[in-house]
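Visitor: Just the structure for this:
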Amino acid sequence: MQANNRDAASLWDMVQAVRRIQEFTANLSFEDYQESILIQSAVERQLEILALRKG
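Guide: From the prediction side, this is the model:
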């Protein structure tokens with residue numbers, strides 16, 4: 001894959017990760033977030049994707 005295609009794929013993955021975080025946390029209070037290990041784990045995974053793609 002050429003660098004441009006790789007860059008586009010990484011950018012797409014990053015956009016998707018942000019959208020998923022927004023979806024997971026929409027209409028969720030901070031207290032509800034803190035009480036849900038499932039949501040915390042899902043958000044953490046998307047943050048990992050962002051960190052991996054950034055580097």
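
Visitor: Identify the residues contacting the top helix by length along the chain?
Guide: Counting residues, the longest helix in the chain under DSSP state H turns out to be helix 3-25. Applying CB atoms under 8 Å, 6 or more residues apart in numbering, the contact partners of helix 3-25 are 1, 33, 39, 42, 43, 46, 47, 49, 50, 53, 54. C-beta coordinates here come from the backbone N, C-alpha and C atoms, glycine included.

Visitor: Name the residues of the host helix or strand of the fifth one that are buried.
Guide: Assessed by DSSP states H and E, residue 43 sits inside helix 37-54. Taking 16 or more other CB atoms under 10 Å as the neighbour-count basis, helix 37-54 is seen to contain the buried residues 39, 42, 43, 46, 49, 50, 53.

Visitor: Report the rounded mean pLDDT for it.
Guide: For helix 37-54, the mean pLDDT works out to 94.

Visitor: Could you do stretch 6-22 as well?
Guide: Here stretch 6-22 scores 94 as its mean pLDDT.

Visitor: one step back: which two among the contacts of helix 3-25 are spaced furthest apart?
Guide: 1 and 33 (36.5 Å; CB to CB).
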